[in-house]
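[1] Below are the sequence and a predicted model; questions follow.
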Amino acid sequence: MFVLIFVGGVLLAHYYLWRRLVRSTTVPGRLRTALTWVVVGLLLLVVGTFVSSRAELGHWLAWPGFVWLALMFYLLVFLAVLEVPRGVVALFLRRGERRRASGSGPVPGSVAGPGAVPAPGAVPAPGAASRAGSGPVPGRGSGAESRAESG
């Protein structure tokens, strides 16, 4: 029973590593095929290390097998910890794509107050141009007073 659980765990770990390190980073072709066979060979090395550890040939496989088992564990932990930020980034990217696809985004002027300065390149809300300059500017007086002073 232990052997089945161990082999199943090692198989799942290698599949996860293959999916994250080979399938996600390479295009289909010779390189992906070669790297896939490397992962399969490393899987067989770990299983062979545990099967032959009691036999005469076990000492030849013990050193590389257990070193790969340790590296596999560290890679698994490292990639599992990085799944959280990866998922958060993917969530924000999907949310942004949905907003762009549906055309709903933040409406300029809807969140900011009346005295807010729009961001560079922002399109003013409808009617915002007619409201601009309609009120007196603080410290300068009304438009009529400034025209009377200059004339």
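    That came in fine, so what should we check first? Everything numeric here is computed off the predicted structure, so don't read it as measured data.

[2] which helices and strands sit right next to the helix or strand where Arg100 lies?
    In this structure, Arg100 sits in helix 58-102 according to DSSP states H and E. Packed against helix 58-102 by the contact rule (3 or more CB pairs under 8 Å, 6 or more residues apart in numbering; DSSP states H and E) you find helix 2-18, helix 30-51. C-betas here are computed from N, CA, C, even on glycine.

[3] need the ones you listed in a markdown table with mean pLDDT, mean neighbour count and distance to Leu69, can you?
    Shown next, in a markdown table, are those (pLDDT from 0 to 100; neighbours: other CB atoms under 10 Å; distance: least, CB to CB, whole Å):
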| stretch | mean pLDDT | mean neighbour count | distance to Leu69 |
| --- | --- | --- | --- |
| helix 2-18 | 91 | 13 | 8 |
| helix 30-51 | 92 | 15 | 5 |
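
[4] Which stretch among the ones you listed approaches Leu76 most closely?
    Judged by CB to CB, the one of the helices and strands packed on helix 58-102 that comes nearest to Leu76 is helix 2-18, at 5.4 Å.

[5] got the CA positions of that closest one in PDB?
    This file holds the C-alpha atoms of helix 2-18, laid out as PDB (Å, rounded to 0.1, in the frame of the first residue of the first chain):
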ATOM      1  CA  PHE A   2       2.800   2.400   0.800                       C
ATOM      2  CA  VAL A   3       4.500   1.700  -2.500                       C
ATOM      3  CA  LEU A   4       1.300   2.700  -4.400                       C
ATOM      4  CA  ILE A   5       0.800   5.900  -2.400                       C
ATOM      5  CA  PHE A   6       4.500   6.800  -2.900                       C
ATOM      6  CA  VAL A   7       4.600   6.100  -6.600                       C
ATOM      7  CA  GLY A   8       1.300   7.900  -7.100                       C
ATOM      8  CA  GLY A   9       2.700  11.000  -5.200                       C
ATOM      9  CA  VAL A  10       5.900  10.900  -7.200                       C
ATOM     10  CA  LEU A  11       4.000  10.600 -10.400                       C
ATOM     11  CA  LEU A  12       1.700  13.500  -9.600                       C
ATOM     12  CA  ALA A  13       4.700  15.600  -8.500                       C
ATOM     13  CA  HIS A  14       6.500  14.900 -11.800                       C
ATOM     14  CA  TYR A  15       3.400  15.600 -13.800                       C
ATOM     15  CA  TYR A  16       3.000  19.000 -12.000                       C
ATOM     16  CA  LEU A  17       6.600  19.900 -12.600                       C
ATOM     17  CA  TRP A  18       6.400  18.800 -16.200                       C
END
